[in-house]
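Q: Give me coordinates for this.
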Amino acid sequence: MVWLQHLLPQHLASKLMFRFARIENTWLKNTFTHWFVKAYQVDLSQAKREQVEDYKHFNDFFTRSLKIGARPIADSAIVCPVDGAVSQVGKINNAQILQAKGRDYSVNQLLGNDSRSVDFTDGFFATIYLSPKDYHRIHMPYDGKLISMDYIPGDLFSVNQQTAQNVDNLFARNERVVCYFQTEFGLAAFVLVGAIFVGSMQTVWHGQINPPYKKQVQHFDYLDQDIKLKKGEEMGRFNMGSTIIMLSPNQDNPFNLSELERVRMGQALI
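A: As a prediction, this is how the structure comes out:
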């Protein structure tokens with residue numbers, strides 16, 4: 001029920017889930033995780049640790065690693081960064097991104113009114129939703145040099161299809177982390193969008209970004225640190241699931257995807 005999300009104390013609920021997901025009581029952790037696996041039909045056969053009992057706490061299970069070779073990286077310039085389902089994909093028309101049928105939002109607002117939004121005025125985007133059962137580590141879709149990162153505070157609405165169809169500017173109003181990379185095809189932006197119960201994101205170069213929740217935009221510059229990541233390398237994770245948005249600069253469409261398509265990390269996108 002979307003209306004209920006307007007009434008919920010979103011950040012408080014996410015703080016409570018953050019703490020609950022790190023409880024190490026064996027009985028509680030195992031009981032809840034077994035329920036979760038059954039309820040969401042989680043496939044643990046490809047995880048390095050296939051038994052629920054082998055995880056320290058629920059978040060340890062939720063951000064589980066996979067067996068070597070479980071996600072081969074395609075020989076392609078751009079690969080899928082996550083397991084999930086394509087919510088929307090297509091061209092950014094006059095700085096507007098399609099959220100759902102009849103609902104657009106501004107790339108400038110998505111990027112926190114950053115001046116670099118002009119690079120994506122007529123580029124392309126792909127929005128991928130990670131469901132609760134999915135693998136929740138995020139990998140590099142391309143080789144890239146990290147330029148900067150912005151933490152943008154906001155709401156924590158759910159990011160499922162129903163909410164996307166009913167809440168205006170959903171991805172541009174939710175809390176998010178924007179990572180800018182210099183790539184072989186120009187400046188690229190990679191947006192990690194938070195959601196209810198998903199108020200915690202982290203990257204390999206920074207660690208946990210939130211909580212704590214901030215009131216102001218935080219900018220991190222990495223130009224002088226020479227942080228380079230290869231295609232397929234882990235770049236971060238959601239502590240609970242959410243959505244990623246990939247923005248490519250004003251050029252030809254690099255995303256060979258279709259709406260509602262199920263995708264897996266490492267598959268070719270170009």
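
Q: only C-alpha atoms for contact and neighbour calcs from this point on.
A: Fine.

Q: Show me where this protein has its helices.
A: 2-7, 10-20, 26-40, 58-62, 107-110, 161-164, 170-173 (DSSP state H).

Q: Tell me the helices and strands packed up against the last one.
A: This points to helix 170-173. helix 107-110 (3 or more Cα pairs under 8 Å, 6 or more residues apart in numbering; DSSP states H and E).

Q: where's the helix it packs on relative to the chain centroid, distance-wise?
A: In terms of Cα atoms, centre = their mean, to the nearest Å, the centre of helix 107-110 is set 16 Å apart from its chain centre.

Q: Run through who's touching that helix.
A: For helix 107-110, the surrounding residues in contact (Cα atoms under 8 Å, 6 or more residues apart in numbering) are 95, 96, 97, 114, 117, 118, 120, 121, 171, 172, 173.

Q: go with 10 Å
A: Contact partners of helix 107-110, identified using Cα atoms under 10 Å, 6 or more residues apart in numbering, comprise 92-98, 113-118, 120-122, 125, 152, 169-178, 191, 193, 245, 247.

Q: now stretch 64-79
A: 44-50, 55, 58, 80-83, 135-137, 139-143, 184-185, 231-233, 254-256, 264-270.

Q: Taking these, please make a PyMOL selection of just the buried ones.
A: Entered in PyMOL, the line below selects the buried ones among the contacts of stretch 64-79, by 16 or more other Cα atoms under 10 Å:
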select buried, resi 44+47+49+50+55+58+80+81+82+83+135+136+137+139+140+141+142+143+231+232+233+254+255+264+265+266+267+268+269
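
Q: Among the contacts of stretch 64-79, which ones are in strands?
A: If you go by DSSP state E, those have 137, 139 in strands.

Q: Show me which residues of stretch 183-194 are buried.
A: By neighbour count on 16+ other Cα under 10 Å, the buried set for stretch 183-194 is 187, 188, 189, 190, 191, 192, 193, 194.

Q: for stretch 19-38, same thing?
A: 21, 29, 30, 33, 36.

Q: Would you format those as JSON lines with distance to residue 200 and pLDDT included?
A: Converted to JSON lines, the buried residues of stretch 19-38 look like this (distance: Cα to Cα, whole Å; pLDDT from 0 to 100):
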{"residue": "21", "distance to residue 200": "11", "pLDDT": "83"}
{"residue": "29", "distance to residue 200": "19", "pLDDT": "96"}
{"residue": "30", "distance to residue 200": "22", "pLDDT": "97"}
{"residue": "33", "distance to residue 200": "19", "pLDDT": "97"}
{"residue": "36", "distance to residue 200": "19", "pLDDT": "95"}
